[in-house]
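Participant: Got a sequence here, can you build the structure:
(chains A and B)
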Amino acid sequence: MADISFILNGKNVTIDADATKRLLDVLREDMGFTGPKEGCGEGECGACSVLMDHELVSSCLVPVGNAAGHEIITIEGFSEEKRYEKLANAFAEAGAVQCGFCTPGMILAAEALLNKIPHPTEMQIRQAISGNLCRCTGYNMIIEAIQMAADTGDGLW
Amino acid sequence: MVKSFMPKTLAEALKICDEHDVCPIAGGTDLMVRNHQSAGILPTFTKDMLFIKNIDELTVLEKKDMHLIIGANITLNRLLNWENTPQILHLALQEMAAPAIRNMGTIAGNICNASPAGDTLPPLYALDAIVCLKSIAGERELPIREFILGPGKTALKENELLTAIKIPIGDNNINFYKKAAMRKAAAISKVSIAMTAKKEKDKIVNIAIAIGAVGPTVVRLAEAEDMFIKNNENTGKVLPDIYDVYDRQIKPIDDIRSTAKYRKQVAMNLLHYVYEKCIK
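Facilitator: As a prediction, the model looks like this:
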């Protein structure tokens, strides 16, 4: 066990944890942030996605020791942003949220993309969410939602 | 419960390697999957873990003395976005895993994992990559083909760390990469092929073909490559002999992802495709 410090949703936190503990378990069980979901537990589904230093990562594959000194943002932290509002509304309008299990990961994958490419092509959107599985929508609504957020989100990204 | 070491400097890390039996962990994208348990339960590591991600000395990324130097902490995505990454490696990185994994996984980890299906391995074999190994006693370099000994087995000594990968800078102008897998993203290869070559006045003067997931280590056959170059005036004539060399030496196995028969057939089909589309 060791003291591990990082920034979580804008706040400095220090936890006493085994460095090999999955960031996903720390977030859900120790910190109470249940936005990141456990789907496959093997990095294939993207439901546990969070942002580390503004880049998308699968929190089920991050030993919390690797988060030390870095900034983690979960969907809860991102929901305070205007960019979240834009994406959430676009997802709602396009019908991109059905069961909702993939949605936190999808929204954060979209945020990571738009941060780098504010006006992505359809192919760039597909690549950006290629590690996030959705078993309800067939993806078209999600792609449409991200496109919609990009088209109407001038100045946000 | 295993112990975790979190050194800040390479010197500290090498000292830990010397004094303890540790398993280095960088991005964790292979090790965390391989040792994965149910939700809420710690991964089942059997050795003490050495976290190297926060060692700045391992984040080197530069051109030096006609080589590209890629530190052990350089992530796959960093390499994908580096302007100096050789095209053949770039092509493989584009199709490898998914963005969230590429943001954590490292090329050094892909090498040390030594999976026959490791996606960066065929390009690295084709590029004659060299691994740099350090211990408190000193340092040594090995060609990647001497470093990887078999599935999960490498020449890394217990007191050593793989600190960087060196790739000779070349001027090959034809590159081809293809992997056969179940889905476009986040899939492990059934078969993959990386070809890099140089054509001058319609003649092949340099060629490297590396095939992944068809044997315990990546297959690269100097005998066949030499035949391409020696017969570059009339490759068509020796082509059956070249295919025959591959046919004799590609010996895949059945496993969870595919069958030996499928792998062999697809590997041979890809060799034919590479010749027709890129070399001819």
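Participant: which bits of chain A sit near chain B?
Facilitator: Contacts of chain A with chain B, taken as C-beta under 8 Å from any C-beta of the partner chain, map to A:2, A:18-22, A:24-25, A:29, A:38, A:41-44, A:46, A:49, A:52, A:55-58, A:60-63, A:65-66, A:68-69, A:109, A:112, A:127-128, A:130-132. Every residue, glycine included, has its C-beta placed from N, CA and C.
Participant: For chain A, what's the nearest residue on the stretch 1-150 of chain B?
Facilitator: The stretch 1-150 of chain B approaches chain A most closely through B:Ala98 (2.5 Å), counting by C-beta to the nearest C-beta.
Participant: thought A:Thr20 was touching B:Phe45?
Facilitator: Yes: counting by C-beta atoms under 8 Å, A:Thr20 touches B:Phe45, with 5.9 Å between them.
Participant: ranges for the helices of chain A?
Facilitator: Along chain A, the segments classed as helices by DSSP state H run A:23-25, A:75-78, A:82-94, A:103-116, A:122-128, A:140-152.
Participant: Which strands and helices lie in contact with the longest one?
Facilitator: Helices and strands in packing contact with helix A:103-116 are listed as strand A:49-52, strand A:55-58, helix A:75-78, helix A:82-94, helix A:122-128, helix A:140-152, helix B:99-102; criterion 3 or more C-beta pairs under 8 Å, 6 or more residues apart in numbering or on different chains; DSSP states H and E.
Participant: Pick out the residue nearest the middle of chain A.
Facilitator: A:Leu108 (3.2 Å; C-alpha atoms, centre = their mean).
Participant: For residue 52, give me its contacts.
Facilitator: Let's take chain A. Counting by C-beta atoms under 8 Å, 6 or more residues apart in numbering or on different chains, A:Met52 makes contact with A:Val62, A:Ala67, A:His70, A:Glu71, A:Ile72, B:Asn103, B:Met104.
Participant: meant chain B, my bad for not saying
Facilitator: B:Pro7, B:Ala13, B:Pro24, B:Ile25, B:Ala26, B:Leu58, B:Ala72, B:Asn73, B:Leu161.
Participant: try it again with 6 Å
Facilitator: The contact partners of B:Ile52, by C-beta atoms under 6 Å, 6 or more residues apart in numbering or on different chains, come to B:Pro24, B:Ala26.
Participant: what does B:Ile250 give?
Facilitator: Contacts of B:Ile250 (C-beta under 6 Å, 6+ apart): B:Val214, B:Lys264, B:Ala267.
Participant: Take those and write them to TSV, including distance to chain A.
Facilitator: What follows is the contacts of B:Ile250, written out as TSV (distance: C-beta to the nearest C-beta, whole Å):
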residue	distance to chain A
B:Val214	24
B:Lys264	27
B:Ala267	25
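Participant: Among those, which one has the most neighbours?
Facilitator: B:Val214 (28 neighbours; other C-beta atoms under 10 Å in any protein chain shown).
Participant: is it true that it lies in a helix?
Facilitator: No: according to DSSP: H, G, I helix; E, B strand; the rest coil, the state of B:Val214 is coil, so it is not within a helix.
Participant: excluding its backbone neighbours, what's nearest it?
Facilitator: Excluding the flanking residues, the one nearest B:Val214 by C-beta to C-beta, 6 or more residues apart in numbering or on different chains is B:Pro252, at 4.2 Å.
Participant: B:Lys261 is in contact with the one you found, correct?
Facilitator: No: judged on C-beta atoms under 6 Å, B:Pro252 makes no contact with B:Lys261 at a distance of 8.4 Å.
Participant: Just want to know which of the two has more residues nearby.
Facilitator: Set B:Pro252 next to B:Lys261 and count neighbours by other C-beta under 10 Å: B:Pro252 wins out with 23 against 10.
Participant: residues in contact with stretch A:104-118?
Facilitator: Residues from elsewhere that reach stretch A:104-118, judged by C-beta under 6 Å, 6+ apart: A:35, A:46-47, A:49, A:51, A:56, A:75, A:87, A:120, A:124, A:128-129, A:132, A:142, A:146, A:157.
Participant: Pick out the most distant pair among these.
Facilitator: The most widely separated members of the contacts of stretch A:104-118, counting by C-beta to C-beta, are A:Gly35 and A:Gln124 (24.8 Å).
Participant: More neighbours: which of these two?
Facilitator: A:Gly35 (21 against 14).
Participant: quick one on the thing from earlier: now, which of the contacts of A:Met52 sits nearest A:Leu8?
Facilitator: A:Leu8 has its nearest neighbour among the contacts of A:Met52 in A:Ile72, at 5.1 Å by C-beta to C-beta.
Participant: The closest one and B:Asn54: what is the separation?
Facilitator: Taking C-beta to C-beta, to the nearest Å as the measure, A:Ile72 falls 15 Å from B:Asn54.
Participant: Check A:Leu61 too.
Facilitator: Applying C-beta to C-beta to A:Leu61 and B:Asn54 gives a distance of 17 Å.
Participant: Please identify which of these two sits among more neighbours.
Facilitator: Per other C-beta under 10 Å, whichever of A:Leu61 and B:Asn54 has more neighbours is A:Leu61, with 27 against 17.
Participant: Buried ones among the contacts of A:Met52?
Facilitator: Listed as buried from those are A:Val62, A:Ala67, A:His70, A:Ile72, B:Asn103, B:Met104; burial here means 16 or more other C-beta atoms under 10 Å in any protein chain shown.
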